[in-house]
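**Q** Please find the sequence and the predicted model below.
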Amino acid sequence: MNSKPLHHKSVALDSLELLVVMDNETDTLSSVDEGVPQIPEIVHLAARTAPSRHYQDHECKMVFDQLCCGCHGLSVLVTGRLGNVKHTVLFDVGPYPQYWLDNAERLNVDLSKIECLFLSHWHFDHSGGFPDVIAAISAARTKAGLSEPLIVDVHPDRPDQRGVLLPSGVMVLLPEGPKIEAMIKSGGTVVTHAHANAFCDGFFFGSGAIERQTEYETGLHGHHTFHGHEAVSDPLIMDERYLVAQVRGRGISVLSVCSHAGIVNACLSAQSEFPDVLVDVVLGGYHLAGKVMEQRIAATIADLATRIRPRVVAPGHCTGWRAKAQLADAFAPGRYGPSVVGTLYRLQAEAIET
Ligand SMILES: [Fe+2]
């Protein structure tokens, strides 16, 4: 493997859908600004739900018993289309398989269509659901008569456990990460990538290690990584990766689910891989919550506004309410749409002016 830009292996798509299967937050009632290509959960839910009764001339549809549940984590189902060809990758699964599977059912997700499960980094709130979700997708693919197994793409540097040392002296631990053997036993074909690679016919681009370019995005203070009984200070979490997909005429969407590298660093890295392409939706956890991280909010927003210039910021998961409020101040109306559970971004190709 080499670390040369591989964007030339990526293709520009006709359309892209980003469906948030898991996020910390639920908010299907907020209005959506004009120009934000977001479809609230309740809108696409009502569109596929049959009426249960009629009142006068109105179809009456039951939707409030089908809304997704939120919990601390993030999972995004990414579907690209080019002509008649579609590919689907699942980016992370969140912490608990039963919640992911329940939300996927509520969202009417066809599990058999998921070809690849791409893991952002080895943290429980992204990988905790792994073995059971892999098993469910694998079973669905087998039932659908598909011979190609689910590809599970992870970073090769798997730690045994991770935690964060608090100023109080207590280290809060994440549960142990899923074992490779368990993923294989669940029916996944595990592949490891430490470097950037394009996959699914070039529909999607997974990053390698994210270069640190800004001065203020210095990782997660107090973060430690265990191998066996020994832990090392590991604030940078260099196994983290982002995902990119490009829509013709709109640009690249950057999915950075936890942004331990910094959301600006992730976007700068994506820009260097796709140098002449505008940034479309920046969706994920911007990780700007907590006293230390909150000091980075102003610089992050300034750089997003001036250096990254995305069409839409879609913060979720670990972004935190203080950062979300300031992002909304900076980007709404028109360029702010949160990543809440059940929401759908539908990005359609636009004609490129010549
Ligand atoms: Fe996270």
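**A** Okay, I see it.
**Q** Hmm, residue 112 and residue 146 touching each other?
**A** Yes - judged on CB atoms under 8 Å, residue 146 makes contact with residue 112 at a distance of 6.2 Å. C-betas here are computed from N, CA, C, even on glycine.
**Q** So between these two, which is more surrounded?
**A** residue 112 (18 against 14; other CB atoms under 10 Å).
**Q** For the more buried one, what are phi and psi?
**A** Dihedral pair for residue 112: phi -70, psi -20, per degrees, to the nearest 10.
**Q** And it, how far from residue 203?
**A** Using CB to CB, to the nearest Å, one obtains 18 Å as the distance from residue 112 to residue 203.
**Q** Check residue 293 too.
**A** Separation of residue 293 from residue 203 (CB to CB): 33 Å.
**Q** Comparing the two, which residue is more hemmed in?
**A** Neighbour totals were compared for residue 293 and residue 203, and residue 203 leads with 26 against 22 (other CB under 10 Å).
**Q** for that one, what are its contacts?
**A** Listed by CB atoms under 8 Å, 6 or more residues apart in numbering, the contact set of residue 203 reads 10, 11, 13, 80, 82, 87, 89, 245.
**Q** which of the residues you listed has the most neighbours?
**A** residue 245 (28 neighbours).
**Q** doesn't that one fall inside a strand?
**A** Yes - per DSSP: H, G, I helix; E, B strand; the rest coil, residue 245 lies within a strand segment.
**Q** I'd assumed residue 204 was in contact with it.
**A** Yes - using CB under 8 Å, residue 245 is in contact with residue 204, at 5.3 Å.
**Q** Now do the shared contacts for those two.
**A** Common neighbours of residue 245 and residue 204, using CB under 8 Å, 6+ apart, are 78, 80.
**Q** distance of residue 195 from residue 153?
**A** Distance of residue 195 to residue 153, computed by CB to CB: 12 Å.
**Q** More neighbours: these two, which one.
**A** Between residue 195 and residue 153, residue 153 has the larger neighbour count (other CB under 10 Å), namely 22 against 14.
**Q** Tell me the secondary structure at the more buried one.
**A** strand.
**Q** OK, contacts around the closest residue to it other than its chain neighbours?
**A** Ranked by CB to CB, 6 or more residues apart in numbering and with sequence neighbours excluded, the top spatial neighbour of residue 153 is residue 118, at 4.7 Å. Taking CB under 8 Å, 6+ apart, we find residue 118 in contact with 89, 90, 91, 92, 153, 204, 206, 241, 243.
**Q** could you dump these to a markdown table with secondary structure and distance to residue 173?
**A** Shown next, in a markdown table, are the contacts of residue 118 (DSSP: H, G, I helix; E, B strand; the rest coil; distance: CB to CB, whole Å):
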| residue | secondary structure | distance to residue 173 |
| --- | --- | --- |
| 89 | strand | 29 |
| 90 | strand | 26 |
| 91 | strand | 24 |
| 92 | coil | 20 |
| 153 | strand | 26 |
| 204 | strand | 32 |
| 206 | strand | 28 |
| 241 | coil | 23 |
| 243 | strand | 27 |
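**Q** phi, psi of the residue of the stretch 101-250 of the chain found nearest the ion?
**A** Going by CB to the ion, the ion is nearest to residue 125 of the stretch 101-250 of the chain, at 4.4 Å. Residue 125 adopts backbone torsions of phi -70, psi 0, taken as degrees, to the nearest 10.
**Q** Report the separation between it and residue 318.
**A** From residue 125 across to residue 318, the span is 8 Å (CB to CB).
**Q** list residues touching both of those two?
**A** With CB under 8 Å, 6+ apart as the test, residue 125 and residue 318 both reach 74, 258.
**Q** Determine the longest helix present in the chain.
**A** Ordering each helix of the chain by length in residues (DSSP state H) puts helix 130-143 first.
**Q** So for it, what gets flagged as buried?
**A** 130, 131, 132, 133, 134, 135, 136, 137, 138, 140, 141 (16 or more other CB atoms under 10 Å).
**Q** Those residues of the chain touching the ion, which are they?
**A** For the chain, the residues in contact with the ion (CB under 5 Å from the ion) are 125, 258, 318.
**Q** what number of residues lie near the nearest residue to the second one once chain neighbours are set aside?
**A** Read that as residue 258. Ranked by CB to CB, 6+ apart and with sequence neighbours excluded, the top spatial neighbour of residue 258 is residue 285, at 4.8 Å. Residues within reach of residue 285, counting by other CB under 10 Å, total 28.
**Q** what's the answer for residue 71, then?
**A** Around residue 71 there are 17 residues (other CB under 10 Å).
**Q** which ones are touching it?
**A** Per CB under 8 Å, 6+ apart, neighbours of residue 71: 22, 24, 94, 95, 96, 99.
**Q** Point out the ones among the residues you listed that are inside helices.
**A** Using DSSP H, these in helices are residue 99.
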